[in-house]
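Participant: need coordinates for the following:
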Amino acid sequence: MGFLLKNATFVCFLACLGLVYIFNAHQSEKKIRKISSLKLEVRDAHDKYMKVKKDVMLESTASELEKALKEKGLKSQNKVPMVIGEG
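Facilitator: Modelled structure (predicted):
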């Protein structure tokens, strides 16, 4: 008992150091979980972006545009456009 009373400040220091260590471990685990969830969100957003990009690229091809125009009653012009006033 005399040993603890004699070194009370050192024991308190070690206890505080232990608490700081535990707090730091919890904070780092929390940040690691947040980072992994954000990585999943980024992956999902990238997948959505790639799907939309693929759809836009498909819809902007000449054959798809021609199909869309035919549905609206328009037809493509086969003549080459005339250039007015070169120079």
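
Participant: separation between the residue nearest the centre of the chain and residue 69?
Facilitator: The centre of the chain sits closest to residue 42, judged by C-alpha atoms, centre = their mean, with a distance of 2.0 Å. Separation of residue 42 from residue 69 (C-beta to C-beta, to the nearest Å) stands at 38 Å. C-beta: built from backbone N, CA, C; applies to glycine.

Participant: stretch 44-64: how far from the chain's middle?
Facilitator: Its chain's C-alpha centre and that of stretch 44-64 lie 18 Å apart, by C-alpha atoms, centre = their mean, to the nearest Å.

Participant: quick check: mean pLDDT of stretch 54-63?
Facilitator: Stretch 54-63 shows a mean pLDDT of 89.

Participant: try stretch 36-45
Facilitator: 98.

Participant: stretch 15-22 too?
Facilitator: Mean predicted confidence for stretch 15-22 is 97.

Participant: only C-alpha atoms, please: export that stretch in CSV.
Facilitator: The C-alpha trace of stretch 15-22 is given here as CSV (Å, rounded to 0.1, in the frame of the first residue of the first chain):
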residue,chain,number,x,y,z
ALA,A,15,-3.8,5.1,-16.1
CYS,A,16,-4.2,8.3,-18.2
LEU,A,17,-1.8,6.9,-20.8
GLY,A,18,-3.9,3.7,-21.0
LEU,A,19,-7.1,5.7,-21.5
VAL,A,20,-5.5,7.8,-24.3
TYR,A,21,-4.4,4.5,-25.9
ILE,A,22,-7.9,3.0,-25.8
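
Participant: that stretch: how far from the chain's middle?
Facilitator: The answer for stretch 15-22 is 36 Å, by C-alpha atoms, centre = their mean.

Participant: one more: stretch 18-37?
Facilitator: 22 Å.

Participant: and the contacts of that stretch?
Facilitator: Taking C-beta atoms under 8 Å, 6 or more residues apart in numbering as the criterion, no residue outside stretch 18-37 touches it.

Participant: what do you get for stretch 77-87?
Facilitator: Applying C-beta under 8 Å, 6+ apart, stretch 77-87 has no contact partners.
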